[in-house]
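> predicted coordinates and the sequence they were generated for:
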Amino acid sequence: MTIQWFPGHMAKARRQVTEKLKLVDIIFELVDARIPQSSRNPMIDEIIQHKPRIVLLNKADMADKERTKEWISYFKKQGIQALAINSHAGVGMKEITALAKEVLAEKFDRMKAKGIRPRAIRAMIVGIPNAGKSTLINRLAKKNIAKTGNTPGVTKAQQWIKVGKELELLDTPGILWPKFEDQEVGLKLALTGAIKDTILNLQDIAIFGLRFLEKEYPERLKERYQLETIPEDTVELFDRIGTFRGALSGGGVIDYDKVTELIIRDIRGEKFGPLTFEKTEDMQ
Ligand SMILES: Nc1nc2c(ncn2[C@@H]2O[C@H](COP(=O)(O)OP(=O)(O)OP(=O)(O)O)[C@@H](O)[C@H]2O)c(=O)[nH]1
């Protein structure tokens with residue numbers, strides 16, 4: 001969450017994923033279901049080459065269910081299987097193995113036809129910081145962390161986590177960078193807590209959040225702050241929210257810093273219900 005990405009870090013992160021690619025049959029690309037596009041690494045296709053993959057839309061509990069369905073169809077249209085999960089509560093865990101088996105069925109059938117003894121599917125999780133990689137690994141691991149240095153082709157002993165009989169997971173995920181140079185992507189990453197607040201102007205984040213709510217979920221915005229109408233003027237909107245929530249400074253005037261913080265906290269804290277900040281129809 002505190003990573004500052006510089007070209008050197010990016011090259012190293014990429015190398016680490018590339019090195020481990022040959023150890024696994026499949027990549028689990030973990031994204032945040034609230035921002036399925038902005039939480040992806042911009043070079044992911046190039047990095048993982050033709051390795052089979054599944055996109056896991058994590059934190060699905062915090063995302064708009066209808067939009068999540070649309071994103072799953074979107075990925076499928078691109079030829080990528082996708083699944084909504086909640087690593088925190090352990091929802092969708094069994095489905096991960098089932099889907100991996102489905103994606104790899106042909107490869108494993110071919111291995112069987114050649115007389116190769118059946119083995120567990122080997123997988124690695126990759127994703128940007130805060131996507132939930134550790135939470136997912138812990139959830140899948142339970143207590144089944146097994147050290148196996150005898151995997152053919154493994155020079156350095158890798159820690160594999162056994163997930164049932166049919167899946168083995170590398171215990172260290174690949175951490176990749178987001179497309180942070182895009183201002184809107186940055187704002188979405190900040191609103192979902194994926195990047196440090198200090199990188200962006202807090203008021204910009206709050207305003208982006210409010211205008212997003214106004215456009216996509218106006219009733220929820222009105223209800224939360226008891227607004228009959230949503231003022232076009234941002235200062236007026238802040239004033240109305242600040243007055244309603246009593247975000248005042250010592251002298252009784254609106255404290256815009258307090259208003260900013262409470263808006264961001266409300267959005268991150270699901271006070272507007274489950275939200276998804278991007279739509280498949282906006283993809284070119
Ligand atoms: N609501 C919800 N929260 C989740 C879920 N998965 C992870 N989280 C939370 O998201 C935050 C980040 O999770 P981590 O597992 O630390 O993320 P990470 O990808 O390992 O992060 P880095 O170590 O920074 O790369 C934590 O506060 C988790 O509790 C989920 O499915 N639902």
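Yes, it's here.
> ok, how many other residues are close to residue 102?
Around residue 102 there are 11 other residues, counting by other Cβ atoms under 10 Å. For every residue, glycine as well, the C-beta is placed using N, CA and C.
> list the contacts of the closest residue to residue 39 other than its chain neighbours.
Across the structure, with Cβ to Cβ, 6 or more residues apart in numbering as the measure, the residue nearest residue 39 apart from its sequence neighbours is residue 32 (4.0 Å). When contacts are counted by Cβ atoms under 8 Å, 6 or more residues apart in numbering, residue 32 touches 38-39, 57-59, 63, 130-132, 192, 194.
> will you turn those into JSON lines that also has distance to the ligand and secondary structure?
As requested, the contacts of residue 32 are arranged in JSON lines below (distance: Cβ to the nearest ligand atom, whole Å; DSSP: H, G, I helix; E, B strand; the rest coil):
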{"residue": "38", "distance to the ligand": "15", "secondary structure": "coil"}
{"residue": "39", "distance to the ligand": "10", "secondary structure": "coil"}
{"residue": "57", "distance to the ligand": "9", "secondary structure": "strand"}
{"residue": "58", "distance to the ligand": "5", "secondary structure": "strand"}
{"residue": "59", "distance to the ligand": "4", "secondary structure": "coil"}
{"residue": "63", "distance to the ligand": "9", "secondary structure": "coil"}
{"residue": "130", "distance to the ligand": "5", "secondary structure": "coil"}
{"residue": "131", "distance to the ligand": "4", "secondary structure": "coil"}
{"residue": "132", "distance to the ligand": "3", "secondary structure": "coil"}
{"residue": "192", "distance to the ligand": "9", "secondary structure": "coil"}
{"residue": "194", "distance to the ligand": "8", "secondary structure": "coil"}
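> just the buried members of the residues you listed?
When burial is judged by neighbour count using 16 or more other Cβ atoms under 10 Å, the buried members of these are 38-39, 57-59, 63, 130-132, 192, 194.
> returning to what we had before: for residue 173, state which of the contacts of residue 32 is nearest.
Set against residue 173, the nearest of the contacts of residue 32 by Cβ to Cβ is residue 131 (8.8 Å).
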